[in-house]
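A.B. asks: Here is the input, now give the coordinates:
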Amino acid sequence: MKFVLSLIGLIFVAQTLSASPFAYVANLSDDTVSVIDISTNLVVATVPVGSSPEYIAVTPNGQFAYVVNNGTNSVSVIDASTDMVVATITVGTNPAGISITPNGQFAYVVNGESNNVSVIDISTNTVIGPPIAVGGTPEGVAITPNGQFAYVTNFSDGTVSVINISSNMVVDTIPVEAGPAPIAVNPNGLFAYVGNGNSSTVSVLDLNTNMVTSNVGVGGLPVAIAVSPGGQYAYVLVSTITSSFISLLDTTSQTITTTIPLPSGSDPEGIAITPDGKYAYVTYSNLAEVAIVDLSSNTLTGTTIPVGNTPFGIAITYIPFPNPSLFQPFSFTGKIVKHHGKFKLKAQWPASPSSNIIAYEIFGFDQLISIVPSNAPLNFDIALPRPDTHKHHWREKYQRYLNAKYKVRAVSSNNSRSGFTNLNVQGF
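C.D. replies: As a prediction, the model looks like this:
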């Protein structure tokens, strides 16, 4: 039996935006932030902030950069339109990692000595509620693409705390390997990658079960992690006593497929990937430079950008999601198949109508079941969730999948989401 999935009313616009992304670099020893225009690879502004800035996060709309000042226990807010600090927010002791919710409403700051997390309301630039107690010496934080959970690495505990964002309560604690610090979430929302500094590994977390699926050796101390916009690779910045390099983790096979050597003595500390996934920008803390890696060839471009002293964390803005202005309906066709006791949804549809869309998220049974890159043609082939165990007749199982509510939303290059559109399934 076949079915047709029709999608009517998906509204996007293909447009060229004049604004280019910017990279924000925290210069630990200078108490400044260097602003790099990605289109020219030139520093266009140097912004004084608090003492010992370490990490940076940018709001999804690209309007503000939030800089964590480890030395003054504060967060500086930079207005991207003026490159000036417009607010300074006091948080806990020795703040480190920071992450902003996808809707741009809240920033989560981990306080390494306070062993807790401060939540900043971005609309008022004030800390709201009491700090959220987590494990010992929290270092990093990452928020899921659906904005429901924040994952916090606890360095001295060897654990990851899971915070429910709606309640700001810890709902789970996940054991990982020794010394977890950097963490990044795959854009598909299914996995997170935790760098374990005392074991030279990356733990892969299944976010549906909050369990470790594998611990991947990366060859040294993982100091930072960035995931490609399409989610195919995690780029792990690694340091050893004698060398530095990037370990390329294939997120499908969960193996290291290649390494990218970095200069001896560069002491890299931060890595960020451009919205188009073509380049990675890496801070060289010992050289006061930012290097550029061509991700198509996994080689250094040879271009370095002078910045302030001891560049540490880096964040790159993303192009805003285009405003809906063009009605663009198009159809989906596919079928559900049964093979070796498993059911799969197979579908194919035309190319994305907007160059700013990097992927589609497919939902079924009220959960994310796949993320599909926006390259044409788009193919979706995934095992669906198992039906209830008491249903043994395959036709009943099939009918359950046929009657399920499927929906889709687009993901833009700034990791924002469009509204949902239903996929209406009709059997024939």
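A.B. asks: Report the separation between the residue sitting nearest the centre point of the chain and D267.
C.D. replies: With distances taken as C-alpha atoms, centre = their mean, the residue of the chain nearest its centroid is V185 (4.7 Å). Separation of V185 from D267 (C-beta to C-beta, to the nearest Å): 26 Å. In this view, the C-beta of every residue, glycine as well, is placed from N, C-alpha and C.
A.B. asks: now do T40
C.D. replies: Taking C-beta to C-beta as the criterion, T40 is separated from D267 by 26 Å.
A.B. asks: show me where the protein has helices.
C.D. replies: Per DSSP state H, the chain carries helices over the ranges 394-403.
A.B. asks: Would you map out the domains in it?
C.D. replies: For the chain, automatic domain parsing gives the domain ranges 3-12+322-427, 22-316.
A.B. asks: most packed of those domains?
C.D. replies: Greatest average neighbour count among the domains of the chain goes to domain 22-316 (a mean of 20), per mean count of other C-beta atoms under 10 Å.
A.B. asks: And the lowest mean pLDDT element among the helices and strands of the protein?
C.D. replies: Using mean pLDDT, DSSP states H and E, the weakest-scoring helix or strand in the chain turns out to be strand 3-7, at a mean of 37.
A.B. asks: Could I get the contacting residues of the residue nearest to the centre of the chain?
C.D. replies: Under the criterion of C-beta atoms under 8 Å, 6 or more residues apart in numbering, the contact list for V185 reads A142, I143, T144, P145, Y151, F191, A192, Y193, L207, V227.
A.B. asks: Distance of the residue lying closest to the third one once chain neighbours are set aside relative to T255?
C.D. replies: This points to T144. Leaving aside its sequence neighbours, T144 sits nearest to G189 (C-beta to C-beta, 6 or more residues apart in numbering; 5.3 Å). Per C-beta to C-beta, G189 is found 22 Å from T255.
A.B. asks: I'd say I357 and V411 touch.
C.D. replies: Yes: under the criterion of C-beta atoms under 8 Å, I357 makes contact with V411 at 6.9 Å.
A.B. asks: gap between Q105 and V185?
C.D. replies: 18 Å.
A.B. asks: picking that back up, so in terms of bridging, what pairs with the residue nearest to the centre of the chain?
C.D. replies: Beta bridges link V185 to A192 when assigned by DSSP bridges.
A.B. asks: Skipping adjacent residues, who's closest to P311 in space?
C.D. replies: Of all residues not flanking P311 in the chain, T283 sits nearest, at 3.9 Å (C-beta to C-beta, 6+ apart).
A.B. asks: unless I'm mixing things up, that neighbour is touching A315, no?
C.D. replies: No: if you go by C-beta under 8 Å, T283 and A315 don't touch, sitting 10.8 Å apart.
A.B. asks: Got the confidence number for N379?
C.D. replies: Per-residue confidence at N379 stands at 55 (pLDDT).
A.B. asks: swap in M1?
C.D. replies: pLDDT for M1: 36.
A.B. asks: For stretch 156-166, give the mean pLDDT please.
C.D. replies: Computed over stretch 156-166, the average pLDDT equals 97.
A.B. asks: for that stretch, how far is the first residue from the last?
C.D. replies: 27 Å (C-alpha to C-alpha, to the nearest Å).
A.B. asks: Run through who's touching it.
C.D. replies: The contact list for stretch 156-166, computed with C-beta under 8 Å, 6+ apart, reads 101, 106, 108, 117, 132, 134-138, 143, 147-154, 169-180, 183, 192, 194, 196, 205, 210.
A.B. asks: Ok, stretch 235-244 next?
C.D. replies: Identification of contacts with stretch 235-244 by C-beta under 8 Å, 6+ apart yields 182, 193, 195, 202, 218-228, 245-249, 259, 261-264, 266-271, 273, 280, 282, 295.
A.B. asks: A96 touches Y55, doesn't it?
C.D. replies: Yes: with contact defined as C-beta under 8 Å, A96 and Y55 form a contacting pair (6.3 Å).
A.B. asks: which residues do these two both contact?
C.D. replies: Joint contacts of A96 and Y55 (C-beta under 8 Å, 6+ apart) are V68.
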